[in-house]
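**Q** have a look; sequence and predicted model below, questions after that.
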Amino acid sequence: MPEDPHHALRPETDVLTRGFDPKLSVGSARPAVFRSSTYVFSSPEDAEKAFDVLGGRRKLAPGEGVDLVYSRFNHPNAEILEEQVLPLEPGGVAAAVFNSGMAAITTVLFTIVKPGDAVLFTVPIYGATQTFVLDFLASYGVHGFTVAAGDGEAIDRAIRETPNLRAVLLETPANPTTIMTDIARVTKTSAALAQPPLVLVDNTFLGPAFQHPLAFGADISLYSATKYLGGYSDIIGGVAIGRDRALMTKIKSKRSLFGNILQPDESWILNTRLATVYLRMERQSENARLIAEKLAKHPKIAKIYYPTLFEDPEQRHIYETQCEEPGGLISIDLTGGKPAAFDFLRRLQIARNAVSLGGVETLVCHPRTTTHSSWSAADLDASGVTEGLVRISVGIENWHDLLADFERALA
Ligand SMILES: Cc1ncc(COP(=O)(O)O)c(C=O)c1O
């Protein structure tokens, strides 16, 4: 028996077998939900020890336990989830769960940066992430800089030339045009600097099944767990997984301060979803690939965005070297502009018109007037978020039925 029985297991197996001891849940095959806000100490000495550990004044020896304290700091369902989500991100040594994807992103950035530092991020990026860096962090003296996603040379240059660069944040593929950024190239360029910035990757769109940023040298992989991890459009959550235990401990201590840990019920729900995330994502990706390839030549579609249909050689190279499957998101640019896009949304019978993505049901939205409506017209045009663009998050329905729905709505 190897010292760590999990060291050789593949993620789909490991996720089902680690991090949970049924004896601690009166033998229950699935974890109990521990809703308690506070925990009874074994002794006053153990209470003192627990606070010393929380305050960073005492380190635990390998295998040494410590009493739980209070559920804003930590609770069993978060601990189980954090242990079980780890194998899904190879290279990760610790995870932290949050009550939204934005809570994960903002807490990680707050932990890393201080006034005078700079944060560089690729655009397009999720709108609230952009607002947080450019508006909110700016008011704390942190300088935000943007660079076009996918443009390797411009990103290298920006990394080398941005003064006091502390963090590089990538969202790849970027929403809604699926443009990809080369994670390995960014981590290599960053590591070559005298004071390397941390590389953070929002892995919401292709992770955890098809893209593994830590394996390409990134420091932290971030998730809106609301999407594929949650998988049923019924939970808001976030996850950060990192390669440096000390940094993850600092992030968790900020989480205790902000009070944005994922609550016990939500942790339990998210935990139940981990076991099927590969199954769901594989089906969603295969459905999307079949549909995208059938729609590619449709006369009402001016342009289609999907990784297997990339024409740009740099994008093809990134997709082929960085991603295991193309994923479940397709964007289509309709020839008739906004009226055609709205007509298409109105006529759909199976797919539903809603924002968000990654659920088992197919969701479709018009980014220019919804998810990206706060952008200027110039930024929208520059990023390809046109009047006719529709984003499709493909679910697990039968793909023939979905294709028929799309073709009927286009006709
Ligand atoms: C790529 C990406 N990152 C982060 C977020 C924010 O996540 P949440 O809504 O769970 O806070 C979203 C939400 O749509 C997203 O699409």
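**A** That came through, no problem.
**Q** show me the domain layout of this structure.
**A** 11-36+71-274, 279-410 (automatic domain parsing).
**Q** ok, the residue in the stretch 201-350 of the chain that the ligand sits nearest to - how many residues close by?
**A** Closest to the ligand within the stretch 201-350 of the chain is residue 224: 3.0 Å, counting by CB to the nearest ligand atom. (Glycine included, C-beta is placed from N, CA and C.) Counted with other CB atoms under 10 Å, residues neighbouring residue 224 total 29.
**Q** go on, the one 4 residues further on?
**A** Around residue 228 there are 28 other residues, counting by other CB under 10 Å.
**Q** which non-adjacent residue is nearest it?
**A** residue 358 (3.9 Å; CB to CB, 6 or more residues apart in numbering).
**Q** which residues touch that neighbour?
**A** 204, 226, 227, 228, 229, 230, 231, 233, 284, 328, 393 (CB atoms under 8 Å, 6 or more residues apart in numbering).
**Q** just name the most buried of the domains of the chain.
**A** domain 11-36+71-274 (a mean of 20; mean count of other CB atoms under 10 Å).
**Q** so the residue nearest to residue 228: helix, strand or coil?
**A** On the three-state scheme (DSSP: H, G, I helix; E, B strand; the rest coil), residue 358 is labelled coil.
**Q** quick check: it vs the ligand, distance?
**A** 9 Å (CB to the nearest ligand atom, to the nearest Å).
**Q** cool, and residue 124?
**A** 10 Å.
**Q** what of residue 83?
**A** 21 Å.
**Q** OK, contacts around the residue nearest to that residue when sequence neighbours are not counted?
**A** What sits nearest to residue 83 in space, not counting adjacent residues and going by CB to CB, 6+ apart, is residue 19, at 2.8 Å. By CB under 8 Å, 6+ apart, the contact list for residue 19 reads 79, 80, 81, 82, 83, 84, 86.
**Q** from the residues you listed, which land in helices?
**A** Among these, the members found in helices (DSSP state H) are 79, 80, 81, 82, 83, 84.
**Q** so where's the stretch 1-150 of the chain shaky on pLDDT?
**A** 1-7 (pLDDT under 70).
**Q** before we move on, back to that, which residues touch the closest residue to the residue of the stretch 201-350 of the chain closest to the ligand other than its chain neighbours?
**A** Spatial nearest neighbour of residue 224, excluding adjacent residues (CB to CB, 6+ apart): residue 101 at 2.7 Å. With CB under 8 Å, 6+ apart as the criterion, the residues that contact residue 101 are 126, 204, 222, 223, 224, 225, 226, 227, 236, 237, 238.
**Q** quick check: the last one vs residue 77, distance?
**A** Translated: residue 238. 15 Å (CB to CB, to the nearest Å).
**Q** which residues touch the helix or strand residue 342 falls within?
**A** Following DSSP states H and E, the helix or strand that holds residue 342 is helix 337-347. Under the contact criterion CB under 8 Å, 6+ apart, helix 337-347 has outside partners 300, 334, 336, 353, 364-366, 368-369, 386-390, 408-410.
**Q** of these, which belong to helices?
**A** 408, 409, 410.
**Q** do you know how far the first one is from the ligand?
**A** Meaning residue 408. In terms of CB to the nearest ligand atom, residue 408 sits 28 Å off from the ligand.
**Q** next one: the last one
**A** When distance is defined by CB to the nearest ligand atom, residue 410 is 26 Å away from the ligand.
**Q** what residues are up against that residue?
**A** 298, 300, 301, 334, 344.
**Q** dig out what the fourth one forms beta bridges with.
**A** Residues in a beta bridge with residue 334, per DSSP bridges, are residue 301.
**Q** that one contacts residue 390, doesn't it?
**A** Yes. The pair residue 334 / residue 390 is scored as a contact, 6.5 Å apart, by CB atoms under 8 Å.
**Q** for the residue in the stretch 51-200 of the chain positioned nearest to the ligand, phi and psi?
**A** Taking CB to the nearest ligand atom, the ligand has its nearest neighbour within the stretch 51-200 of the chain at residue 101, 2.4 Å off. Dihedral angles of residue 101 (phi, psi; degrees, to the nearest 10) stand at phi -60, psi -40.
**Q** tell me how far it lies from residue 238.
**A** 4 Å.
**Q** can you list residues touching both of the two?
**A** With CB under 8 Å, 6+ apart as the test, residue 101 and residue 238 both reach 222, 223, 224, 225, 226.
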